[in-house]
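Requesting a structural model of the entry that follows:
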Amino acid sequence: MLDRPEPDAMTGTAPHGSDLAEPRRRGSLVAGALWMFVLSLLLGWLPIIGAAIAGVVGGLQVGAPGPAVMVAILPALLAALAVWLIGSALHLSVLGILVGAGVFLVVVVHTVPLLLGAWLGGSISQRRTIG
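Purely as a prediction, here's the structure:
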């Protein structure tokens with residue numbers, strides 16, 4: 001059996017010179033966003049569960065709950081903004097606002113389970129790397 005030093009119980013840091021002091025691998029925001037996007041498209045026929053599964057997998061890839069939630073909400077905001085800008089560019093400002101708001105509501109209904117799944121996946125991933 002190898003004699004490995006234990007991390008300090010108060011700070012959670014390893015003693016100097018041990019292999020426990022190596023930084024843990026962090027997740028990738030781009031990989032998490034791609035997983036969320038692809039799985040959301042593939043599992044879109046499962047209204048709530050599909051988005052939650054995509055969020056959990058993407059959150060696991062990102063590695064922390066905060067960034068995972070940000071990665072999950074950014075596409076919803078960008079989609080609503082794009083629809084509003086297209087409607088406004090066509091000089092349909094009132095219609096652009098209404099269609100943009102409608103698309104935003106539909107996207108939010110899909111995004112809520114995605115956000116919850118991303119938070120859960122990020123929390124699981126963070127807990128796995130800490131403990």
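
Show me the residue at the heart of the protein, geometrically.
Ala68 (2.8 Å; Cα atoms, centre = their mean).

how about that residue, what does it touch?
32, 55, 58-59, 62, 118-119, 121-122 (Cβ atoms under 8 Å, 6 or more residues apart in numbering). For glycine as for every other residue, the C-beta is placed from the backbone atoms N, C-alpha and C.

one more time with 6 Å
By Cβ atoms under 6 Å, 6 or more residues apart in numbering, Ala68 lies in contact with 59, 62, 118, 122.

just how off-centre is the top helix by length along the chain within its chain?
For the chain, the helix reaching the highest residue count under DSSP state H is reported as helix 93-130. When distances are taken as Cα atoms, centre = their mean, to the nearest Å, helix 93-130 is centred 9 Å away from the chain's centroid.

and what of stretch 30-42?
Distance, centroid of stretch 30-42 to centroid of chain: 9 Å (Cα atoms, centre = their mean).

who's in contact with it?
54, 57-58, 61-62, 71.

wait, which of these is closest to Thr111?
Ala54 (10.5 Å; Cβ to Cβ).

How about that closest one, nearest residue that isn't a chain neighbour?
Computed as Cβ to Cβ, 6 or more residues apart in numbering, the closest residue to Ala54 that is not its neighbour in sequence is Leu39, at 3.6 Å.
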